[in-house]
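K.L.:
no sequence for this one, just the structure:
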């Protein structure tokens, strides 16, 4: 069922007629993060939300952004070890609004980073089940919104930060 839903989300992200409207990214990110708290608690993962100050609205399809963020949080919870930490953050900087998810999981090997947004690709250090569609969906949604997808190692011991950078008008 999850894979079917992901294929449908990918198809929605690829359609050219998504209705863009002003979206309060802080509110959307806070709501989506709260919906994942139970899953995080069940794995004793500290799932937090940070927004140091209000950010301008971005032009977006709220349903697609919820899908992208849900995929990022799902991935972070899946790969972060029990007792770990995942942080969703919204901030404005240098003409962009950034929505990011950082975790302290194993990260992605540098040689796999260029391919992780390909459909059905799974990083070489991936354990467990998965379809390899999560980051492909996020990349398609980013393109649909004119946003830039950034993947980088998290500071400290391992982990990954995935960010969507939305340009401000």
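P.N.:
Thanks, I have it. Keep in mind the model is a prediction, meaning the values are calculated, not measured.
K.L.:
How about the contacts made by the residue nearest the centre of the chain?
P.N.:
In the chain, the residue lying closest to the centroid (C-alpha atoms, centre = their mean) is residue 72, at 2.9 Å. Taking C-beta atoms under 8 Å, 6 or more residues apart in numbering, we find residue 72 in contact with 88, 101, 134, 138, 162. Heads up, the C-betas are built off the backbone N, CA and C, glycines and all.
K.L.:
can you tell me which of those residues are in strands?
P.N.:
Secondary structure of the contacts of residue 72 is defined by DSSP state E; positions in strands are 88, 101, 162.
K.L.:
Which of those residues sits closest to residue 143?
P.N.:
Checking the ones in strands among the contacts of residue 72 against residue 143 with C-beta to C-beta, the nearest one is residue 162 at 14.8 Å.
K.L.:
Now do that closest one against residue 151, distance only.
P.N.:
5 Å (C-beta to C-beta, to the nearest Å).
K.L.:
now do residue 67
P.N.:
18 Å.
K.L.:
Between these two, tell me which one has more neighbours.
P.N.:
residue 67 (23 against 18; other C-beta atoms under 10 Å).
K.L.:
Let's verify the more buried one: helix, strand, or coil?
P.N.:
Classification of residue 67 using DSSP: H, G, I helix; E, B strand; the rest coil returns helix.
K.L.:
Give me the pLDDT for it.
P.N.:
For residue 67, the pLDDT comes out at 90.
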